[in-house]
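coords please:
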Amino acid sequence: MTAPNQPARPAILIVDDEYGLGEMLRDVLVDVGYEVSLAINGRRALAQLQDRTFDVVLTDVMMPVMGGAELAQALRADPRHRHVRILFMTSLLSVAPSEDGLYDAILEKPFTPEHLLATLDAVRGLTPDA
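Below is the predicted model:
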């Protein structure tokens, strides 16, 4: 719980069917001050988004049940979540540039924790102590 005079920590939802990767990313982000939740696919992410909002959704592109592009389309169509910054994680080089604003940045797998943090900072100036 945040103290009354302190701003809430930025919240990030990590969506990836590779649970180990999600946990590793969560550990990196929590260590630098983010609030982090995990979901194993887009459908589970949307369920979490019914109860709360996030500053950033960091999602894999290719997942069973619902992939990252479908999740991003659902978020962009929902007025409650249009403000959410969406970062795609992928090892596919064929992801098209986001001319329609579907996502805000792409992290090509594999990426380093430093690259992740720099991308978060660039996308929104989102820092845990801002």
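
Now residue 70: phi and psi?
Main-chain dihedrals, residue 70, degrees, to the nearest 10: phi -60, psi -40.

quick one: it and residue 41 touch, right?
No: Residue 70 lies out of contact with residue 41 (C-beta atoms under 8 Å); the separation is 9.7 Å. All C-beta atoms are positioned from the backbone trio N, CA, C, and that covers glycine.

ok, these two, which is more surrounded?
Using other C-beta atoms under 10 Å as the criterion, residue 70 and residue 41 rank with residue 41 on top: 21 against 17.

check contacts around the more buried one.
15, 17, 63, 64, 65, 66, 67 (C-beta atoms under 8 Å, 6 or more residues apart in numbering).

try it again with 6 Å
Contact partners of residue 41, counting by C-beta atoms under 6 Å, 6 or more residues apart in numbering, are 17, 63, 65, 66.

And for residue 24?
Residue 24 makes no contacts at all, as judged by C-beta under 6 Å, 6+ apart.

secondary structure class for it?
Following DSSP: H, G, I helix; E, B strand; the rest coil, the label given to residue 24 is helix.

what about it, distance to residue 49?
Distance, residue 24 to residue 49, using C-beta to C-beta, to the nearest Å: 23 Å.

Check residue 92 too.
24 Å.

Can you report phi and psi for residue 14?
Dihedral angles of residue 14 (phi, psi; degrees, to the nearest 10) stand at phi -100, psi 130.

That one pairs with what?
Here residue 14 sits in beta bridges with residue 38, residue 58, going by DSSP bridges.

try residue 105
Here residue 105, judged by DSSP bridges, has bridge partners residue 87.

Next, the contact list for it, please.
87, 119, 123.

For stretch 72-91, what is the distance to the chain centroid?
8 Å (C-alpha atoms, centre = their mean, to the nearest Å).
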